[in-house]
Structures are given as structure tokens and as C-alpha cells.
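return atomic coordinates for the entry below.
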Amino acid sequence: MSKQLDLIIVGAGPCGISAGTAAEQAGLSCMLIEKGCISNSLVGYPYYMTFFSTAIMLEVGGVPFTIPNAKPTRREALAYYRRVVEYCGVDVRQYEEVEDISGQEGDFTVSTRKITGTENTYRASAVVIATGGFHEPNHLGVPGEDLPKVRHYYHEPYPYYDQDVLVVGAGNSAVESALEMFRNGVRVTMIHFADSIDRGIKPWVIPDITNRLDRGEIPMYWRQRVAEIRPSSVLLRHEETGEETEIKNDFVLAMTGWRANHQHLEALGVHIDSGSGIPDYNQETMETNIPGIYIAGVVAAGHDANKIFIENGREHGCLITDDYLAKSSVK
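The predicted model follows:
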């Protein structure tokens, strides 16, 4: 067991890194523990994705995000956050998963297991959970969802060339994947339970998808849901009439969003709202109902990951650091 740290941050995505840089710059001892690689969630994004936010709005730790264009790509963001870690000297333990957190404010014990199987134990006065919102996909809950042709992620269009692909959803991920596949020889169809694309679609994408839908180049089944997935087809059901339609299908891309992992928070006694999935926390300090346990980033948004993203989640680290320092000065 190593010496006691001020903060242990679970998760080394952009918001976890932001919390780590804030702690380092405040003179606190800090460690980030990440089950994957640095910015692991960004690694899972589509390979050629462009961010909605400008580069300056994704900056953390006071490190300039300098690129030729206003909006960074996935590759540029991955390089930037690695550079932040190096420049700010943040201690990140990659490929090390947190298995248990116990103790109380002022003396928490964090038990981990590295990818090699090595077990470690660390101590900290406070713990920050910054594990993001991409632990588990929102499942369709229909027969056939376990077929190998069903995917809950999208990287690039090439595996789907000359195939019939159904994209479920009408958010940014669904719309952008549908457009990219359409332009790369994929026969794309979309389905959405509402009667319009989601609010929050990137403005420069709206005219493109609208034109494709209006012209019938990408068929859209509005007000419908997937009722069953079959080996070579998909059964669709209308929300209001109950009418069913079977369409030919090779792959299903369920772009239905993801859920955060509340395992450690619940084990520690943090209250999680059953409806929204939002942990019980103070928005001014990011501290949960359990003293000394903080949250940062998308995990604070519950089931609606669109409420918190890098642009506003990066601010959480300063709130946490300020609260920790304020508590320390009182003791």
C-alpha cells in the first residue's frame, strides 16, 4: 500500500484529465486510474469524427489546443489529451481497473487489478468517479438483438458496402453514420420512434440528412420501433397503429445511446435516481451524498449523456479542487 494521496480519480477521459490537471495545479497529490488507455472513450468514436465543439472549448489544464481548423477531429483530440497529460505531469495508471472502493472521507482505500493480473491498493482522502457514460448500450430489448449482425457502435462504413443496414435512432451518431454509409455504397434505412430527427443535431449536418430523407435516398420509418431482428430481415412496428413491416436486412446499427456505470457509486452508498440515473450530488461542489466521494463529467448526467459533455464537464475539476481545499483549510 502506497502513501495516502489527496485525490484518486477513477477514469482518464477528458473530464477526468481536467480534474487531474486542476488538482495538480492546486498542489494536490493525485492519481488517475483508467481501465483502458488515456481518453479511452474517444478511441471508440467513429474514426473520422469531427467534434461539435471548437478546439478552444475542449481545452483543459490551460494547455492550448492549436489546430488549423476550428473544430477538431477525433485524432486531433486524442493527440491533444495525451499532450495535456505529459505537459501537466498527471499520473495516469493505464490498463488498471478499479475493483473496490472502501472507507470514508479522509481515508479511502482503492483496490485495483492491472491487465497483467497484478493487484494494487492505494489510499486517498477523497475519490472522484469520472467513468463517463459509455459503459453499457441502451438495448432495444427485442428478440434477435443478440444476433452477431447487431452492433451498438460505429467506426467506419467499409464493412457494410453493398449491404442492407438499418440504423436505429436519429441522434448525431445515427445521422452521421447513415450519411457516411450512404456515400460509401451501403443501402441504408433508418427508423425512429419520433416524427423528426433529434434536437441537438450538428447544424451543418441537418441540411444534408434532410435532403437525403426528403428525396428518399435514405428511407426513414418514422414513429416506428424494431419489433424483432431476424437473420436476414427486421420486423418493424408502428407506434400508433401497431402495423408491422418486414424489411430485408444484413446489419442493424442500434445508435440508441449508452449508460453510465454506477457500480462503485452504488456500492459506496451514493443515491442514484431510478428514473434519470442521476447520482445525488451538489452541483456547486460535485460532491455526492457520501462525503469525500465526488463525480465529474458525463456520469453526472445520468441516462441523458447530451446534458454534459467535455465542454461543460471540464469545469467539474475546478469545483472539486476548490471544495477539497476549502474542507482542508477548515480542519
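
okay, CA-based contacts and neighbour counts for the rest of this
Noted.

okay, domains of the chain per the record?
Domains of the chain are assigned by automatic domain parsing as 4-135+258-330, 139-254.

looking at those, which one is packed in the most?
Most buried of the domains of the chain, by mean neighbour count (mean count of other CA atoms under 10 Å): domain 4-135+258-330, with a mean of 19.

on that earlier part again, reformat the domains of the chain as JSON lines; add mean pLDDT.
JSON lines is the format used below for these (pLDDT from 0 to 100):
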{"stretch": "domain 4-135+258-330", "mean pLDDT": "93"}
{"stretch": "domain 139-254", "mean pLDDT": "96"}
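
now do the helices in the protein.
With DSSP state H as the criterion, the chain has helices at 14-25, 40-43, 74-88, 172-182, 206-214, 263-268, 310-313, 316-330.

span of stretch 53-68 from start to end?
Start-to-end span of stretch 53-68 (CA to CA, to the nearest Å) is 15 Å.

now it, how far from the centre of its chain.
19 Å (CA atoms, centre = their mean, to the nearest Å).

now do it: everything it contacts.
In this structure, residues lying in contact with stretch 53-68 by CA atoms under 8 Å, 6 or more residues apart in numbering are 14, 17-18, 21-22, 70-72, 76, 80, 84, 88, 310-311, 314.

test my guess that V167 contacts L179.
No - under the contact definition of CA atoms under 8 Å, V167 does not touch L179, with a separation of 10.5 Å.

who's in contact with stretch 317-331?
15-16, 18-23, 26, 284-287, 294, 296.

farthest-separated two in those residues?
The most widely separated members of these, counting by CA to CA, are T21 and E284 (18.9 Å).

contacts only, for E156.
The neighbours of E156, taking CA under 8 Å, 6+ apart as the test, are P46, Y47, Y48, S177, E180, M181.

which one of the residues you listed is nearest to V270?
Within these, proximity to V270 (CA to CA) peaks at P46, which comes in at 33.1 Å.

list the contacts for the nearest residue to that closest one once chain neighbours are set aside?
In this structure, P46 finds its nearest non-sequential neighbour in H155, 4.0 Å apart by CA to CA, 6 or more residues apart in numbering. H155 makes contact with G44, Y45, P46, Y47, according to CA under 8 Å, 6+ apart.

recalculate using a threshold of 10 Å.
Neighbouring residues of H155 by CA atoms under 10 Å, 6 or more residues apart in numbering: V43, G44, Y45, P46, Y47, Y48, M49, S177.

check M49 too.
Each residue near M49 by CA under 10 Å, 6+ apart is listed here: L42, P72, T73, R74, R75, H155, E156, S173, E176, S177.

overlap of the contact sets of V167 and L179?
The contact sets of V167 and L179 overlap at V188 (CA under 10 Å, 6+ apart).

how about the strands in the stretch 201-331 of the chain?
220-222, 224-230, 233-238, 244-248, 251-254, 258-259, 293-295 (DSSP state E, counting those that start in this stretch).

any idea of the angle the second one forms with strand 233-238?
Think strand 224-230. 150 degrees (axes from the mean of the first three to the mean of the last three CA atoms, to 10 degrees).

turn the contacts of H155 into TSV, columns for distance to H271.
Output for the contacts of H155, formatted as TSV (distance: CA to CA, whole Å):
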residue	distance to H271
V43	30
G44	29
Y45	30
P46	33
Y47	36
Y48	38
M49	35
S177	36
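
tell me how far R83 lies from G61.
11 Å.

how about Y95?
Counting by CA to CA - Y95 and G61 are separated by 23 Å.

likewise for R215?
Remark: distance between R215 and G61 (CA to CA) = 46 Å.

what of I9?
Separation of I9 from G61 (CA to CA) stands at 15 Å.

one more: T118?
In this view, T118 and G61 are 31 Å apart by CA to CA.

one more: R225?
44 Å.

check S102 too.
Applying CA to CA to S102 and G61 gives a distance of 29 Å.

what does L147 give?
Taken as CA to CA, the span from L147 to G61 is 44 Å.

again with S329
The gap separating S329 from G61 is 24 Å, by CA to CA.

then G169?
With the distance defined as CA to CA, G169 ends up 35 Å from G61.

from the middle of its chain, how far away would stretch 40-47 be?
Centroid separation for stretch 40-47 versus its chain: 9 Å, with CA atoms, centre = their mean.

what's the end-to-end length of that stretch?
For stretch 40-47, the separation between the terminal residues is 13 Å (CA to CA).

what's the answer for stretch 30-44, then?
End-to-end span of stretch 30-44 (CA to CA): 26 Å.

give me every residue that touches S177.
Residues near S177 by CA under 10 Å, 6+ apart: P46, M49, Y153, Y154, H155, E156, P157, V167, V188, L253, M255.

please identify which pair of the residues you listed lies farthest apart.
Between any two of the contacts of S177 (CA to CA), the greatest distance is 19.0 Å, for M49 and V188.

follow-up on the earlier one: any chance of TSV for the strands of the stretch 201-331 of the chain, columns distance to G141?
Formatted as TSV, those follow (distance: least, CA to CA, whole Å):
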stretch	distance to G141
strand 220-222	19
strand 224-230	9
strand 233-238	14
strand 244-248	17
strand 251-254	11
strand 258-259	14
strand 293-295	29
